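**Student:** Give me coordinates for this.
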Amino acid sequence: MKKVAIAGAAGRMGRRIAVMVNEHRGLQLAGGLEAPGNPCLGQDLGVLAGIGPLGVAIGDQAAEVLDRAEVIIDFTFHEATMKLARLVAERGKAMVIGTTGLTPDNLAELKELSRHFPCVQSPNMAVGVNVLFKTAAKVAAVLGDGYDIEIVEAHHRMKKDAPSGTALKLGEVVAAAVHRKLDQVGVFARQGMIGARTDQEIGIQTVRAGDIVGEHTIYFAGAGERIEITHRAHSRDNFAKGAALAAAWVAGQKNGLYTMFDVLGLQDF
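**Tutor:** Numbers count the residues shown, from 1 in each chain. Below is the predicted model:
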């Protein structure tokens, strides 16, 4: 049994991850981490997640929580994630990162840090979304420059970053498939007299409303036809289950930075 700790354990995602880790036959909940001052500090993680008493109290001392675990799952905020990753590198533990909003500098530092520990980092841990990434890239490669590419993402009103990490990753993989770079052709807002759309741009637009868990649609629009591919998440369990799979996989791997493609065996798909 691989011992798992959860950062952001008291949050909605942290609680669902706790449930999925508890249900995984190869994993054992060993710790929960929250920010100092969180009202859930000291509470039993199992009780908080609706599992029942597990004897695992939520704490605010990252080093102590890490010492009880082999791998930590983090779905928090980019600054907190990077601080924790530095500590994980010092401790030589394993880590699963589902935090979105990581900057290019964050990702560059994470790649360097992962020389000292195994880490799975992905903006979306859901199996279906990772299949979407691969499928969209293949469709883009076949259609080439003859079709306009647009991405629309929708999430709940409390989501802090925009566009979503999943939408950005989707934009990156389809841009690469048609030999473009998203940071050069991405268009993230349109307003006023903007003129005709260029052939090379890839649009990514954002919706924030209500309690939408997560929806991503990619449009390939050509003359007289279009292809739409949509993934809709109906609950957070898809992300939480993927995180548990990643935790079971990454513990014991060689040091380095991995993605869910590695976990799911999709690299050659």
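
**Student:** so what's Gly92 closest to, chain neighbours aside?
**Tutor:** Distance criterion CB to CB, 6 or more residues apart in numbering; nearest residue to Gly92, sequence neighbours excluded, is Phe117 at 5.7 Å. To be clear about C-beta, it is placed using only N, CA and C from the backbone, and glycine gets the same treatment.

**Student:** where do the strands sit along the stretch 151-269 of the chain?
**Tutor:** Secondary structure of the stretch 151-269 of the chain by DSSP state E, counting those that start in this stretch: the strands cover 186-187, 202-208, 214-222, 225-233, 256-258.

**Student:** Now do the buried residues in the second one.
**Tutor:** For strand 202-208, burial by neighbour count (16 or more other CB atoms under 10 Å) applies to Ile202, Gly203, Ile204, Gln205, Thr206.

**Student:** For it, give the mean pLDDT please.
**Tutor:** For strand 202-208, mean pLDDT is 98.

**Student:** Name the spans of the stretch 101-250 of the chain whose pLDDT lies under the cut-off.
**Tutor:** For the stretch 101-250 of the chain, no stretch has pLDDT under 70.

**Student:** Give me the angle between the lengthiest helix in the chain and strand 225-233.
**Tutor:** Across the chain, the longest stretch assigned as helix under DSSP state H is helix 127-143. Per axes from the mean of the first three to the mean of the last three CA atoms, to 10 degrees, the angle that helix 127-143 makes with strand 225-233 is 170 degrees.

**Student:** Pull the residues that contact helix 127-143.
**Tutor:** For helix 127-143, contacts defined as CB atoms under 8 Å, 6 or more residues apart in numbering pick out 122, 124, 149, 166, 169-170, 173-174, 176-178, 216, 218, 220, 222, 227, 229, 231, 233, 238, 241-242, 245, 260-261, 264, 266, 269.

**Student:** Kindly report the same for stretch 242-262.
**Tutor:** Contacts with stretch 242-262, where a contact means CB under 8 Å, 6+ apart, come from 2, 4, 17, 20-21, 23-24, 26-27, 70-71, 73, 75, 94-96, 98, 110-111, 114-122, 124-127, 130, 133-134, 263-264, 266-267, 269.
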